[in-house]
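>>> generate coordinates for the sequence data below:
(one chain, ligands or ions: 1)
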Amino acid sequence: MEIFSHTSTGHKTLLNFDYFTFSGGEEHIRFNASDFAETTKIEVFERLTDSSKLIRLMLAVDALKRLTYGAIPIELTIPYFPYARQDRVCVEGEALGAAVMAQFINNMGLSKVTIWDAHSDVSPALINNVVNVPQMALLARCEELSTRLAKGELTLISPDAGASKKTLKIAETFNSELDVIQAQKVRDLKTGNIIETQILGDVKGKSVLIADDICDGGRTFIELAKVLKSQGAAEISLFITHGIFSKGLAVFEGLIDAIYTTDSFRPVNEFKPSTTIKLQIIEM
Ligand SMILES: O=P(O)(O)OC[C@H]1O[C@@H](O)[C@H](O)[C@@H]1O
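Numbering: from 1, shown residues only. Below you'll find the model as predicted:
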């Protein structure tokens, strides 16, 4: 977690603070009261990638409010909004994870909450004072992709219906003449497993760019890349905003040539590269 203090003269300072976990598992945090004498705004940045970080964040915001008598705006950036994929109750008995997480965030009473490329419209609708940085704006920070898209060198692939609006937005922004091809996953209704991936267009001899919000285990992109390859795609690249890569990059070897992702889920130095796949991290 990084916490910055802003002053009225435009100074931004990264704050030091103490935190530790008690042997019983509870979190503890303490700031230096003297650091806030001239503070007019506080900015908090955290990659909320596990539950203990959420508790630490809530303790931090509580401590900051107590120190500043709740009189100073606190702005939070959590690039990856956890539980955003649980945005509907698919099967009776499940929780609405996105709403649970939004409640935690809203209870902190923040003046602004910035998230990147929300999975769907549900999380931004549930979070108070939210700013959702669009996928297209994040992709635009990658010079190589922006240039290739503007030159019309890439065919865009929307991996499923949920990604189609954002993929069209990329084309609209960089080059409205770009080919955009829709793919779709056919799932086993009972298990949720992908049983088939279909591509609604011709990719023979083309350099394609798949664009999506999250790569978790990678099944979506493995299956899609297999079909793209079998249908003759010449070069396969993947842009994903949130690179979780829970199964590593090796699962894409021989299928995907290049992967582009932001540092929303982990800092650059914590990515494990692959020997055969080009990996470019877009630092924000
Ligand atoms: O296939 P993996 O990488 O596990 O999961 C990523 C997919 O799951 C969806 O929610 C994401 O939008 C993406 O399409």
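>>> and Thr276, what does it touch?
253-254 (Cβ atoms under 8 Å, 6 or more residues apart in numbering). In short, each C-beta sits where N, CA and C put it, glycine included.
>>> now name the helix or strand holding it.
Using DSSP states H and E, Thr276 sits in no helix or strand.
>>> how about Gln280?
Short version, using DSSP H and E: Gln280 is in strand 278-282.
>>> may I see the buried residues of that strand?
279, 281-282 (16 or more other Cβ atoms under 10 Å).
>>> ok, now stretch 255-271?
Buried-residue list, stretch 255-271, by 16+ other Cβ under 10 Å: 255-266, 271.
>>> circling back: parallel or antiparallel, list what pairs with the strand holding Gln280.
In the sheet, strand 278-282 lines up against strand 258-262 (parallel) (DSSP bridges).
>>> can you give the contact residues for the strand holding Gln280?
138-139, 141-142, 144, 243, 249, 257-263, 268, 271, 273.
>>> how about the residues of the stretch 101-250 of the chain near the ligand?
Listed as neighbours of the ligand in the stretch 101-250 of the chain under the rule Cβ under 6 Å from any ligand atom: 159-160, 212-220.
>>> mind doing that once more with 5 Å?
212-220 (Cβ under 5 Å from any ligand atom).
>>> put the buried members of those into a ChimeraX selection.
Restricted to buried positions by 16+ other Cβ under 10 Å, the ChimeraX selection for those reads:
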select :212,213,214,215,216,218,220
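>>> of the residues of the stretch 101-250 of the chain next to the ligand, which belong to strands?
212-215 (DSSP state E).
>>> what ranges do the helices span in the chain?
In the chain, the segments counted as helices under DSSP state H are 51-67, 97-107, 122-126, 135-139, 143-150, 164-174, 219-230.
>>> output the fifth one as CSV, nothing but the C-alphas.
What follows is helix 143-150 as a C-alpha-only set of coordinates in CSV (Å, rounded to 0.1, in the frame of the first residue of the first chain):
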residue,chain,number,x,y,z
GLU,A,143,3.2,2.8,-27.8
GLU,A,144,3.8,-0.3,-29.8
LEU,A,145,0.2,-1.5,-29.8
SER,A,146,-1.2,2.1,-30.4
THR,A,147,1.1,2.4,-33.4
ARG,A,148,0.3,-1.0,-34.9
LEU,A,149,-3.5,-0.4,-34.3
ALA,A,150,-3.3,3.1,-35.9
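>>> can I assume Cys142 is in contact with Thr241?
No - using Cβ atoms under 8 Å, Cys142 is not in contact with Thr241; the gap is 11.1 Å.
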